[in-house]
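[1] got a structure for you, letters missing:
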DNA sequence: TAAATACATGCAAATATTATTATGCTTTAA
DNA sequence: TTAAAGCATAATAATATTTGCATGTATTTA
């Protein structure tokens, strides 16, 4: 059983535009740092920083390949998460109709809004 | 088509222990601010701030019920997201076996790590 | 062996997030 | 109509995140 806390940390780590882009690219295959440097159009140290954050949180890993570091996806939640982010929903969850029970029990009056 | 950017904002908004707790409680039904004040054991202004953040990002909404504000879930992604956070995976994604293609094409040598 | 490539790290500055405190508004009950 | 309940907001302080820049290390090539 994975503690919810860890999963929330994972959410926090994922919730960044550049890191989402990194993860999407990694679902297509292995990439090295300078690959990202091109595709993300950010500085090399910044790429390394994002990769390090993802790696220290168990999201990705790498192997050394000559002088390249080849990064790959490790956390199995990621593909499901990326898919969920693209899911379309037809409608909002409908508002509860009437008289909800809260601290003050049910409220007898009309719903005002 | 919802822009990915908005979805990433959603992730960021969700990725906080207290707000996850709020959302989990709201999947069970409507709650007012003082309900949360008790269950979350944080100050009332802090509850309001978290609720406001969730509301301004379209995750929840409320209706006025006497002097209570009854909050409810609005964003249909949330239940799916909460379920995904609890999902268990047997194993990590396996590392790519050999010779990945990167910027420098395939590397002829052995995998080192 | 010297230079170049590929990448990481440390530090500081800028920015964003979070919690606390004080205060104000609206609604209901006395 | 006054007091209390329920909630929001503003301002501040504390903390965390993000980036840029300079520099360092390992590996490969010339």
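    Received the coordinates, thanks. Quick caveat: nothing in here was measured; it's all calculated off a predicted structure.
[2] Low-confidence ranges, chain A, go.
    A:98-113 (pLDDT under 70).
[3] Show me the residue at the heart of it, geometrically.
    By C-alpha atoms, centre = their mean, chain A has its centre lying nearest to residue A:14, at 3.3 Å.
[4] so that residue touches residue A:21, yeah?
    No: applying C-beta atoms under 8 Å, one finds residue A:14 not in contact with residue A:21, separated by 11.3 Å. (Glycine included, C-beta is placed from N, CA and C.)
[5] sorry, back to before: show me the contacts for the residue nearest to the centre of chain A.
    A:20, A:23, A:59, A:78, A:81, B:11, B:15 (C-beta atoms under 8 Å, 6 or more residues apart in numbering or on different chains).
[6] any idea which of these is the one closest to DNA strand D?
    When the contacts of residue A:14 are ranked by distance to DNA strand D (C-beta to the nearest atom of the strand), residue B:15 comes first, at 9.3 Å.
[7] and the nearest residue to residue A:24 once chain neighbours are set aside, how many neighbours does it have?
    Excluding the flanking residues, the one nearest residue A:24 by C-beta to C-beta, 6 or more residues apart in numbering or on different chains is residue A:82, at 6.2 Å. By other C-beta atoms under 10 Å in any protein chain shown, the residues close to residue A:82 number 17.
[8] By residue count, tell me the biggest helix in chain A.
    helix A:44-56 (DSSP state H).
[9] list the buried ones in the helix or strand just after that one?
    Later in the chain than helix A:44-56, the nearest helix or strand by DSSP states H and E is strand A:60-65. Neighbour-count burial for strand A:60-65, counted by 16 or more other C-beta atoms under 10 Å in any protein chain shown, picks out A:60-63, A:65.
[10] Show me the subset of those residues that also lies near chain B.
    A:61-63, A:65 (C-beta under 8 Å from any C-beta of the partner chain).
[11] Put together JSON lines for those residues, with distance to residue A:48 on each row.
    Formatted as JSON lines, these follow (distance: C-beta to C-beta, whole Å):
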{"residue": "A:61", "distance to residue A:48": "15"}
{"residue": "A:62", "distance to residue A:48": "11"}
{"residue": "A:63", "distance to residue A:48": "16"}
{"residue": "A:65", "distance to residue A:48": "16"}
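[12] any chance you could map the strands in chain A?
    A:31-32, A:60-65, A:68-73 (DSSP state E).
[13] Relative to DNA strand C, which of these is closest?
    Using C-beta to the nearest atom of the strand, the nearest of those to DNA strand C is strand A:31-32, at 3.1 Å.
[14] Name the strands paired with the closest one and say parallel or antiparallel.
    strand A:68-73 (antiparallel) (DSSP bridges).
[15] if we look at the strand it pairs with, which residues are touching it?
    Under C-beta under 8 Å, 6+ apart, the answer for strand A:68-73 is A:23, A:26-27, A:30-34, A:51, A:55, A:59-64, A:79, B:93, B:95-96, B:100, B:102-104, B:107.
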